[in-house]
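Asks: Provided below are the primary sequence and the corresponding predicted coordinates.
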Amino acid sequence: SDAEARRVMLAANLHPLEPYKSSSTPWISECLRCKKTVKPSFNNVKSKGGACPYCAGNAVHIDDVTEILEKAK
């Protein structure tokens, strides 16, 4: 159900920004830690304990690239 799916997403620190469609559809959500927009599927969050790819260190957001390059000179 939508309510159960939202509970699982919130437990993974993800706030859904649109209605639940299906377990395999990317679900636009906001990470409650870094506030970035992410698109995990419900299946990935539920089966893998899904997390924000930016917080997990698996992706770099385009907005952070300039800062990283400036620090690296």
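Replies: Yes, it's here.

Asks: what number of residues lie near the nearest residue to Pro40 once chain neighbours are set aside?
Replies: Leaving out its chain neighbours, the residue that sits closest to Pro40 by CB to CB, 6 or more residues apart in numbering is Gly50, at 4.9 Å. Using the backbone N, CA and C atoms, a C-beta is placed for each residue, glycine as well. For Gly50, the number of neighbouring residues by other CB atoms under 10 Å comes to 22.

Asks: helix or strand for the closest residue to Ala59 other than its chain neighbours, just tell me which one.
Replies: In space, and not counting its chain neighbours, Ala59 is closest to Pro53: 3.9 Å by CB to CB, 6+ apart. In the assignment (DSSP states H and E), Pro53 maps to no helix and no strand.

Asks: where do the strands sit along this structure?
Replies: Taking DSSP state E as the criterion, the chain contains strands spanning 14-16, 29-31, 37-38.

Asks: quick revisit: pLDDT at the residue nearest to Ala59, what is it?
Replies: In the predicted model, Pro53 carries a pLDDT score of 90.

Asks: mind checking how far it is from Lys36?
Replies: In this structure, Pro53 and Lys36 are separated by 9 Å, where distance is defined by CB to CB, to the nearest Å.
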